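K.L.:
Structure for the following, please:
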Amino acid sequence: MKTKIHIFAIILCSFTLLSFSQTNDNYKSYGDSFDFSETIDYELNKKSYLNKDDKVKVEGEILSTCPMKGCWMKLSVAQDTILVRFKDYGFFVPKQGAEGKSVIVNGNISVDTLSIAQLKHYAQDAGKSKDEISKISKPEITISFLADGVVIGN
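P.N.:
Numbers count the residues shown, from 1 in each chain. As a prediction, the model looks like this:
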């Protein structure tokens, strides 16, 4: 009887480990882990979550990431482009190769004004020419996301 229980336990553990590794192969996480099985319907709910303390999970497509350090990324979500930064610079995402991949971010969403200095810094990070950077002359209002966790699909 004990042998049957041991065999059953080994088989159960094997299936558990196998399913975990298959799930892990489908994504790569950065920062704090979080349950990403449900995300908000961004298009319908963005106004109710802007500038709130509530954490939200938003799914989108990566347009670009910071090629210098991976310290920010731009996402396409519904009809918007969202600038994602990472809480306390506690983690970074890949500097290249993430464009076009599906992503889920967990954190706080807000309307933010990016200063001219910030915009020039991001343009420099993105490898823009000095001419392009010098044309930045006014702040930009944007939808920002301060993420404490990120999951990127493979």
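K.L.:
Report the buried residues of stretch 67-83.
P.N.:
By neighbour count on 16 or more other C-beta atoms under 10 Å, the buried set for stretch 67-83 is Gly70, Cys71, Trp72, Met73, Lys74, Leu75, Val77, Ile82, Leu83. For every residue, glycine as well, the C-beta is placed using N, CA and C.
K.L.:
what's that stretch in contact with?
P.N.:
The contact list for stretch 67-83, computed with C-beta atoms under 8 Å, 6 or more residues apart in numbering, reads 42-43, 46, 58-66, 84-86, 89, 92-96, 98, 103, 105, 109, 112, 114, 122, 125-127, 142-145.
K.L.:
what about 7 Å?
P.N.:
42-43, 58, 60-66, 84-86, 89, 92-96, 103, 122, 125-127, 142-145 (C-beta atoms under 7 Å, 6 or more residues apart in numbering).
K.L.:
now that stretch, how far from the centre of its chain.
P.N.:
Stretch 67-83 sits 8 Å away from the centroid of its parent chain (C-alpha atoms, centre = their mean, to the nearest Å).
K.L.:
Likewise for stretch 36-45?
P.N.:
Computed by C-alpha atoms, centre = their mean, the chain-centroid distance of stretch 36-45 equals 14 Å.
K.L.:
now stretch 99-117
P.N.:
Put simply, stretch 99-117 sits 8 Å off its chain's centre (C-alpha atoms, centre = their mean).
K.L.:
can you check stretch 126-137 too?
P.N.:
25 Å.
K.L.:
Buried residues, it. List them.
P.N.:
Ala126, Ile136.
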